[in-house]
Each structure stands twice: as structure tokens, then as C-alpha cells.
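Chemist: structure, please.
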Amino acid sequence: MAVREQLLDYLDQNLESYLIKWKAKIRISDTDVHGDKVEANGILMYRLVQKNIEEPICEEKIMSLAHKVAIERAEANVNIGDFIYNVNAGRSVLMKHMTYSNVQLNDLQTILDSINELFDLFSYHAVTEYTKLKENELQEKISFIDETHQEKLSILGQMSSSFVHEFRNPLTAIMGFVKLLQRENPSLNYIDVIDHELQQLNFRIAQFLHVSKKEIDSGLEEWLEVNAIFESIIEFIYPSIVDIDVEIRNDFPEGISIFGQQDKLRQVFLNILMNSLDALKAEGFPRWIRIHGERLHGTIHIHITNNGPKIPMETLDRIFEPFYTTKELGTGIGLYVCQKIIQNHSGNISCQSDENETTFTVSLPFLDQSDLSNETL
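Modeler: Just a heads-up that it's a prediction; the model follows:
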């Protein structure tokens, strides 16, 4: 009897023996929804080996079985390590199983090499397909999360619109009467504090209104002197500066202007400065905030630096995400709105932090006033 015929005859008669030894080694989870198919797949692989002994089979047949098994393993959500372990267990049991066929080892070696190659190809195609399926599954989950997040934003937008209309009208009336009181009674105690807190409340409401919209509204754009914006903001938040005892140094070069929407850009710088003040509350003395920057290669860089605590890397990677906050009573929308406003101005915003200081950088394109004037003529 020829060597291959002798080996095939042995395999035909000893399938059950192989399965018993293989099943004793493999790992199948109790939650495996396709656990009942594992043995059937083992038999299919066994038959594939037999066909390969008769005559080398094409790679497409190996790939077909590999994809079938990979789909089932992905649906069963099994660990890829367990998957490969079971395949290699089948290989090792089969190799040893074939040595009992009474075929001389010298005659068997070429066949064993061919079977090893078959298992290698099977593993390669199975793992490749399994990985592709899992990546697709992950992308579907990410898409679902994104869609859910957009739905939340839409709901928040509806809630915010209702909230703003119902709350802002009385707030506007109160702010108006406070202004009248300031004019009629300039020495009235605490009226400046009341006005400041109302302005802060109005600012927070505006943040909710912005985040509820798909895009930041396009408003009137004009030339804005950077120093003038910061001077007005510093004056506005002066009570908070005094309360926390912070030194603010405005070292931004004079005479540099940016083209954009004043209310929106003022909101960005105000939000960053207020966040800096919050960060400095728990720090020792001296506390300081520095406003500095420069114009380089057609871009204006505006840096706001404070000597507060280091922002952890895991937080730094997420601070511009909507609804992400580390504050106990934070909303997680301030920096998200800032990013959207700056992006709407064709710029970008970033943050760097170490043990010594934290810096927020707003980068905006530099536009020459004369060139822009010519374009608008």
C-alpha cells in the first residue's frame, strides 16, 4: 500500500480517536453561542487535511473554511487568544495522531510539512477575517455612539431654546433695572457685585445657546485690537481676580489686530481666563496669569498661561470634548464652544500643561487690513 493511501486509511478509521483527544485540550466558553459548531468545524478541518494529503488543495478552499470559522468566532465574541489556541491544539494533536499510523517518519515528514503550511494559511486567513469583523463592529459602535451623541445635542438644543426664551426675558429686565439703579444711585452698596453676577449668568446661558446649535452663528466681523479685548475682560472679571488674589500680566504686543466676531472671540478669551482663575483657587502663592503671544508666518498666536496645577494627560486629551468636565458642578461645554468658535474663525485652539504652568493657545490667521479692504471693494 502506498504511503499516502496508508495514511488516509488510518485517518478514516481513527477520526473519533482524534476528536476525543482534541476536545480534551480545547477551550470553549459556556457563553459561546456557536459552541455546538466547534466539533463540526474540527471535522471539516480534518477532512481538509485528508484532501490535501490526496492532492494539494488551492488556497481558496482553506480561506473559505477560515472565513466561516472566523465569522462564528466573532459572533461568539471569543477571545482571539482562545481561538488561536484551539487551532494550534488541533494541529499538535493531529501531528501526533498521524505518527501512530505506522508510516515511517522519513516518509511522513513531507506530508507533515504540507499540513503545517495548511494550518499556517488557515490561521492567517481566520485571524485576518476575525480582525476585520471586529474592526467593523467597533466602527459601528462608534457610529452609534456618535449618532446618540448628536441626538443628545439636538435634545439639549431644544431644551436650551426653551430655557433661554423663558429665563432670558426676566433676566434682561433685571439687568436693565440694575443699570438704572447704578446710574441713579452710583454709591449704592453691592450693586456692582449684583451686576457682575448677572453678567456671568447671562454668559453661561449664552454658552448653552451656542452648544445647542450645529454651527456657531456667523455674525458681524470687524477689526479687533487684541489688547483692547483683554483689557475689557480683565475689567469685567476684576472682582474675581481680587477675590482669588491673582496677578494678571497682559504682555501681548500692542497694535496687533484680528478680524472676527467680537462677542464670540471675547467669549473664548473670557472662558479661558475664568477657567484659569478656577484652576488657581486651590494653589498656593503667588498666583499669576500671563497673556502673551506673537505674529509668526501669517498666524497670530495668543497664549494664556497660568501657574496652576498640571492637567493630567488623560484629561488634556479630552478637555475640548462636549460634556467632559472634571469640575463638580461643571457642564463640560465651555471649551467645546471655544473650539467651535475658533474653528469658525479658521483657527485652532490647543492646550499644553506641565508641573510648572498650563498654557492655552489660540491661533488665528493674520489678515492684512489693506488687502481685506481691497477684497471687499
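Chemist: wait, is K179 part of a strand?
Modeler: No. Secondary structure of K179 (DSSP: H, G, I helix; E, B strand; the rest coil): helix, not part of a strand.
Chemist: adjust the sequence numbering to begin at 822 for everything that follows.
Modeler: Yes, from this point I'll number from 822; that puts the last item at K1000.
Chemist: I figured it hits I1015, correct?
Modeler: No. K1000 lies out of contact with I1015 (Cβ atoms under 8 Å); the separation is 10.7 Å. Every C-beta, even on glycine, is put in place using the N, C-alpha and C of the backbone.
Chemist: for T1126, see how far away V1063 is.
Modeler: 20 Å (Cβ to Cβ, to the nearest Å).
Chemist: so, low pLDDT: which residues of the stretch 972-1121 of the chain?
Modeler: 972-987, 989-990, 1025-1040, 1104 (pLDDT under 70).
Chemist: what segments of it are strands?
Modeler: Secondary structure of the stretch 972-1121 of the chain by DSSP state E, counting those that start in this stretch: the strands cover 1043-1046, 1068-1071, 1078-1081, 1109-1117, 1120-1127.
Chemist: can you convert those strands into TSV and add a column each for distance to D833 and mean neighbour count?
Modeler: Output for the strands of the stretch 972-1121 of the chain, formatted as TSV (distance: least, Cβ to Cβ, whole Å; neighbours: other Cβ atoms under 10 Å):
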stretch	distance to D833	mean neighbour count
strand 1043-1046	87	14
strand 1068-1071	88	14
strand 1078-1081	81	21
strand 1109-1117	79	17
strand 1120-1127	76	20
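Chemist: quick one: closest of these to W843.
Modeler: With distances scored as Cβ to Cβ, the stretch of those nearest to W843 is strand 1120-1127 (64.7 Å).
Chemist: ok, the closest one: who's next to it in the sheet?
Modeler: Counting by DSSP bridges, the strands paired with strand 1120-1127 are strand 1109-1117 (antiparallel), strand 1179-1186 (antiparallel).
Chemist: next one: the spatially most central residue of the chain from L1156, what distance?
Modeler: Residue closest to the mean C-alpha point of the chain, counted by Cα atoms, centre = their mean, is R1139 at 7.3 Å. Plainly put, R1139 is 10 Å away from L1156 if you go by Cβ to Cβ.
Chemist: which one is E1075 nearest to, not counting chain neighbours?
Modeler: Distances taken as Cβ to Cβ, 6 or more residues apart in numbering place N1048 nearest to E1075, at 5.6 Å, with adjacent residues excluded.
Chemist: same question but for S850, I mixed them up
Modeler: V899 (6.3 Å).
Chemist: which residues touch the residue nearest to K1000 when sequence neighbours are not counted?
Modeler: Leaving aside its chain neighbours, K1000 sits nearest to D1016 (7.4 Å; criterion: Cβ to Cβ, 6+ apart). Contact partners of D1016, counting by Cβ atoms under 8 Å, 6 or more residues apart in numbering, are 996, 999-1000, 1003.
Chemist: which of those residues are buried?
Modeler: Buried members of those, counted by 16 or more other Cβ atoms under 10 Å: 996, 999.
Chemist: I'd like the contacts of D1016 as a markdown table, with distance to E1056 appended.
Modeler: A markdown table is the format used below for the contacts of D1016 (distance: Cβ to Cβ, whole Å):
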| residue | distance to E1056 |
| --- | --- |
| M996 | 17 |
| V999 | 17 |
| K1000 | 16 |
| Q1003 | 15 |
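Chemist: go through the contacts of D1016 and name the one nearest V1183.
Modeler: For these, the closest approach to V1183 (Cβ to Cβ) belongs to M996, at 28.4 Å.
Chemist: so which strand or helix has the residue nearest to S850?
Modeler: Under the criterion DSSP states H and E, no helix or strand holds V899.
Chemist: got it, and T1136?
Modeler: Taking DSSP H and E as the definition, T1136 sits inside helix 1134-1137.
Chemist: ok and the following helix or strand past that helix relative to strand 1179-1186, angle-wise?
Modeler: Next along the chain after helix 1134-1137, taking DSSP H and E as the criterion, comes helix 1155-1165. With axes from the mean of the first three to the mean of the last three Cα atoms, to 10 degrees as the basis, helix 1155-1165 and strand 1179-1186 are set at 20 degrees to each other.
Chemist: within the sheet, what are the partner strands of the next helix or strand after helix 1155-1165, with directions?
Modeler: Following helix 1155-1165 in sequence order, the next helix or strand is strand 1169-1174 (DSSP H and E). Strand 1169-1174 has its sheet partners listed here by DSSP bridges as strand 1179-1186 (antiparallel).
Chemist: re the thing from before, L915: which of the strands paired with strand 1120-1127 is closest?
Modeler: strand 1179-1186 (61.3 Å).
Chemist: mind listing what's buried in that closest one?
Modeler: For strand 1179-1186, the neighbour count (16+ other Cβ under 10 Å) marks 1179-1185 as buried.
Chemist: show me the shaky parts of the stretch 822-971 of the chain.
Modeler: 822, 967, 970-971.
Chemist: can you map out the helices along it?
Modeler: For the stretch 822-971 of the chain, the helices defined by DSSP state H, counting those that start in this stretch cover 824-834, 836-844, 859-875, 880-896, 901-919, 926-1005.
Chemist: name the helices or strands packed onto the third one?
Modeler: Judged by 3 or more Cβ pairs under 8 Å, 6 or more residues apart in numbering; DSSP states H and E, the packing partners of helix 859-875 are helix 824-834, helix 836-844, helix 880-896, helix 901-919, helix 926-1005.
Chemist: what sits up against it?
Modeler: 825, 828-829, 832-833, 836, 839-840, 843-844, 847, 849, 853, 878, 882-883, 886, 889-890, 893, 907, 911, 915, 932, 935-936, 939, 943.
Chemist: residues contacting F1051?
Modeler: Contact analysis of F1051 by Cβ under 8 Å, 6+ apart lists 1071, 1073, 1090, 1112.
Chemist: let me know the closest of the residues you listed to V924.
Modeler: Of all the contacts of F1051, F1090 has the smallest distance to V924: 82.6 Å, by Cβ to Cβ.
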